[in-house]
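Enquirer: Quick one, structure for this:
(one chain, ligands or ions: 1)
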Amino acid sequence: MSEKRGFFITLEGPEGSGKSSQARQLVQALRRAGRRVTFVRDPGSTALGRRLRRVLLHADVRGMTPLTEALLFIAGRVQLVEELIKPALAKGRIVVCDRFHDSTMAYQGHGGELDVAWLQVVGRRAIGGLMPDLTLLLDVPTEAGFRRVGRHRDRMERKAQAFHRRLRRGYLALARREPRRIIVIDATQPKTRVAQHVQQIVFKRLRMGRVLPLRDPTVRPRPPTIVGGPAGGRRGPPLRVTRPTEKSYGMV
Ligand code: TMP
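Expert: Next up is the predicted model:
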């Protein structure tokens, strides 16, 4: 996109991956480093998005088909992109978004067993092809994730475990297809360790993209290994990254 000058980062993951608190910490770290950051969540952040979020997540809403769900999530995202993300990127800001298009692919596509190829096309076209520069996928096994989810579960969290297992595999399949954009981080590690990985990867990518942070808190640690990154990124101690197993790709 010609008007895009900033840097677009998304965080993704199954339930209980800790992605929202990691997103908050990342935003704080970027701001401490002097970067101008717009922090949004999908669905949400716009007036319409907040309303759609209530409809989509309210446990009392019953019988919604995966396709209805997908189209509502996409509709909310179109609004978010037009109202907030595109203008922020045009001003050269870093945008951190808690979930985005990959969530629709994982949840409604793989979890809801929609036609994944069709959903890719529709989902991407709806947002004019605006995809993140970098996506951090916080991977956690379904059972471990649900141990972190509170007792009050929303409509999505109440779906069957089989749905959640499919969507986790779906996420890993997406990462396999786009290894440069989607970096998988093992979110079963202690939160501080996950935060370190997240920040190292982001600051390194910003340096590579010449979006130089004013003060870079990760200058001292050696650069991490970035799965799927260029050879130059392979120097530091290897990240504990969950590698998709063959079984994970059975669906694709
Ligand atoms: P979260 O903000 O706590 O992650 O909640 C959002 C919920 O909505 C979560 O269960 C994932 C789900 N979701 C989808 O199913 N499809 C989507 O496209 C998006 C953005 C979220």
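
Enquirer: From here on, just use CA atoms for contacts and neighbour counts.
Expert: Will do.

Enquirer: Nearest residue to Tyr171 in space, ignoring adjacent ones along the chain?
Expert: Once flanking residues are discounted, Tyr171 sits nearest to Ala106: 5.4 Å by Cα to Cα, 6 or more residues apart in numbering.

Enquirer: One more: Arg53?
Expert: Nearest to Arg53 is Pro43, by Cα to Cα, 6+ apart, at 5.5 Å.

Enquirer: For burial, what's the neighbour tally of that neighbour?
Expert: 27 (other Cα atoms under 10 Å).

Enquirer: tell me which element it is part of?
Expert: Secondary structure from DSSP states H and E places Pro43 outside every helix and strand.

Enquirer: ok, now Phe39?
Expert: Assessed by DSSP H and E, Phe39 sits inside strand 37-41.

Enquirer: Now the element after that strand, going C-ward?
Expert: Assigned by DSSP H and E, the successor of strand 37-41 is helix 47-57.

Enquirer: Quick one: work out the angle between that next one and strand 37-41.
Expert: Relative orientation of helix 47-57 versus strand 37-41 (axes from the mean of the first three to the mean of the last three Cα atoms, to 10 degrees): 40 degrees.

Enquirer: Do helix 47-57 and the ligand come into contact?
Expert: No: counting by Cα under 6 Å from any ligand atom, the ligand is not contacted by helix 47-57; separation bottoms out at 6.6 Å.

Enquirer: Which positions in that helix come out as buried?
Expert: Of the residues in helix 47-57, Gly49, Arg50, Leu52, Arg53, Leu56, Leu57 count as buried by neighbour count, 16 or more other Cα atoms under 10 Å.

Enquirer: Contacts for it, please.
Expert: With Cα atoms under 8 Å, 6 or more residues apart in numbering as the test, helix 47-57 has contacts from 42-44, 61, 69, 72-73, 76-77, 79-80, 154-156.

Enquirer: The residues you listed, buried ones only, as a ChimeraX selection?
Expert: Buried members of the contacts of helix 47-57 can be picked out in ChimeraX with the line below, counting by 16+ other Cα under 10 Å:
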select :42,43,44,69,72,73,76,77,79,80,155
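
Enquirer: residues near the residue of the stretch 1-150 of the chain found nearest the ligand, how many?
Expert: Of all residues in the stretch 1-150 of the chain, Thr104 sits closest to the ligand, at 3.4 Å by Cα to the nearest ligand atom. Neighbours of Thr104 under the rule other Cα under 10 Å: 24.

Enquirer: Skip the chain neighbours and tell me the closest residue to it.
Expert: Leaving out its chain neighbours, the residue that sits closest to Thr104 by Cα to Cα, 6+ apart is Ala70, at 6.2 Å.

Enquirer: what about the one you found, helix or strand, and which?
Expert: Following DSSP H and E, one finds Ala70 within helix 66-80.

Enquirer: State the next helix or strand along the chain beyond that helix.
Expert: Next in sequence after helix 66-80, counting helices and strands by DSSP H and E, comes helix 86-90.

Enquirer: Which positions in that next one come out as buried?
Expert: Under 16+ other Cα under 10 Å, the buried positions of helix 86-90 are Lys86, Ala88, Leu89, Ala90.

Enquirer: what is the mean pLDDT for whatever helix or strand comes next after it?
Expert: Later in the chain than helix 86-90, the nearest helix or strand by DSSP H and E is strand 94-98. Mean pLDDT, strand 94-98: 98.

Enquirer: swap in stretch 133-145?
Expert: Stretch 133-145 shows a mean pLDDT of 97.

Enquirer: Which residues of the stretch 101-250 of the chain lie near the ligand?
Expert: Applying Cα under 6 Å from any ligand atom, one finds that the stretch 101-250 of the chain approaches the ligand through His101, Ser103, Thr104, Tyr107, Gln108, Met156, Glu157.

Enquirer: Please tabulate those residues in TSV, including the columns pLDDT.
Expert: TSV is the format used below for these (pLDDT from 0 to 100):
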residue	pLDDT
His101	98
Ser103	98
Thr104	98
Tyr107	98
Gln108	98
Met156	94
Glu157	94
